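# next one to model:
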Amino acid sequence: MNNIKKSSEVINLSGKIRGNIQRVVKLALTESPPNKLIDIIDFYMRDLVVKEKFLYLPFSSGHSEAGKLKKCWEDVKELIYDGADYDRLIGISERCWYMANEITYRYQKLSEENISYFIVIFSINGILTFIVLGILVVIAKREVKGKLEFQAHYDPLTKVLNRRSFIGIYNSIINRDDIFPASFMIMDIDDFKKINDTYGHNVGDKVLKKIVDVIKDNIRKKDIFVRWGGEEFIIFFPETDIEQARVVTEKIRKLIEGLRFEEGFKVTISIGLTKLEKGEFLVEAIKRADKALYKAKRNNKNRVEVITD
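Residues are numbered from 1 along each chain as shown. Below is the predicted model of the structure:
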């Protein structure tokens, strides 16, 4: 059971590393290297390597991926400090992202193996003991599996869908007639790095959670809300034309602008909005929405911009 708990911790750490690497690369491409965030990722990475060492059992698969992920992160850091070109840095950071996903998958499987190992050890104590322990293990397995599945599909901080899960959902529904017209937005928190640098990452996390709560209260259950990476979020609006989506996103923007935090600052967001076509590749939708987002950023931020082609 301790190994199951530690597997859950490894999955949680890999999720944090995955999201923060995406954030640090984005910041490094637009500003000076974010040293504080780099230090945080280094801390998470060391903790991940240490925890992984305690998770090998005789009947387990014995896979070790933390060292490879750490090496990938070292390559990303080297490129950040050397001022590498955009495509190379993005490519290596994407490789790190997939490695973190692989760790999540492997340790979910390891937890299931550990549960089976637990059954083998204690079944020798007799039929009655086996029945009692079997019931306990079924309960524990259900609880752990539910937790691991949640962590595999949802962002641990904001509790909205993560990038990996959204890609699968998008590909499974984009050819359906019943979701169209459909719209798609990318949202970015303006000057979020300044909040982290000035008030610390605990306050930054509080800002993220508050903004997510406001958005959840103002979208429908069928709308798909995703943390794409760092302070960047996506909403997929099915059965929503571009004008309807514009009304919703503008309402969200104004609500966020009206928030006040006890530290005395306010927050704004910029939104890039586009319409979706049946069968369209996700990368194309993101490319248009990103283009609209950058237009909003260039136009003094705190606004919604629409690009449809």
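
# on the pLDDT front, check residue 6 for me.
You'll see residue 6 listed with a pLDDT of 67.

# my error: substitute residue 62 in the last question.
50.

# what does the one 4 residues further on give?
Predicted confidence (pLDDT) for residue 66: 79.

# with residue 281 instead?
For residue 281, the predicted pLDDT is 94.

# quick one: it from residue 154, how far?
24 Å (Cβ to Cβ, to the nearest Å). The C-beta positions use only the backbone N, C-alpha and C, and glycine is treated the same way.

# so for these two, which residue has more residues nearby?
Between residue 281 and residue 154, counted using other Cβ atoms under 10 Å, the more crowded position is residue 154 (17 against 12).

# residue contacts, that one?
By Cβ atoms under 8 Å, 6 or more residues apart in numbering, the contact set of residue 154 is 160-162, 165.

# just the buried ones among the residues you listed, please.
Buried subset of those (neighbour count, 16 or more other Cβ atoms under 10 Å): 160-162, 165.

# so which helix or strand takes in residue 25?
helix 2-30 (DSSP states H and E).

# now residue 208
Counting by DSSP H and E, residue 208 is part of helix 201-216.

# could you do residue 194 as well?
helix 192-199.

# which strands or helices does that helix pack on?
Applying 3 or more Cβ pairs under 8 Å, 6 or more residues apart in numbering; DSSP states H and E, one finds that helix 192-199 contacts helix 35-53, helix 201-216.

# picking that back up, what's the closest of the buried ones among the contacts of residue 154 to residue 97?
residue 162 (10.6 Å; Cβ to Cβ).

# what about the residue lying closest to that closest one once chain neighbours are set aside, neighbour count?
In this structure, residue 162 finds its nearest non-sequential neighbour in residue 155, 4.9 Å apart by Cβ to Cβ, 6 or more residues apart in numbering. Residue 155: 23 surrounding residues under other Cβ under 10 Å.

# residues in contact with residue 243?
By Cβ under 8 Å, 6+ apart, residue 243 has no neighbours at all.

# same question, residue 158
208-209, 212, 227.

# ok, and the most crowded of those residues?
Ranking the contacts of residue 158 using other Cβ under 10 Å puts residue 227 first, with 24 neighbours.

# separation between the residue positioned nearest the centre of the chain and residue 152?
For the chain, the residue sitting closest to the mean C-alpha position, by Cα atoms, centre = their mean, is residue 162 at 4.0 Å. Plainly put, residue 162 is 8 Å away from residue 152 if you go by Cβ to Cβ.

# same check, this time on residue 242
33 Å.

# quick one, what contacts residue 279?
174-175.

# that's a helix at it, yeah?
No - per DSSP: H, G, I helix; E, B strand; the rest coil, residue 279 lies outside any helix segment and is coil.

# and the gap between it and residue 308?
Taking Cβ to Cβ, one finds residue 279 at 17 Å from residue 308.

# what do you get for residue 262?
Taken as Cβ to Cβ, the span from residue 262 to residue 308 is 40 Å.

# so for these two, which sits in the more crowded spot?
Under the neighbour definition other Cβ under 10 Å, residue 262 and residue 308 were set side by side, and residue 308 has more, 11 against 7.

# quick one, phi/psi of the more buried one?
phi -110, psi -10 (degrees, to the nearest 10).

# ok, it - contacts?
Contacts of residue 308 (Cβ under 8 Å, 6+ apart): 242, 274-275, 288.

# picking that back up, which one of the contacts of residue 154 is nearest residue 92?
residue 162 (20.3 Å).

# doesn't residue 225 make contact with that closest one?
No - with contact defined as Cβ atoms under 8 Å, residue 162 does not reach residue 225; the gap is 11.1 Å.

# hmm, back to that, from the contacts of residue 154, pick the one nearest residue 296.
residue 160 (21.3 Å).
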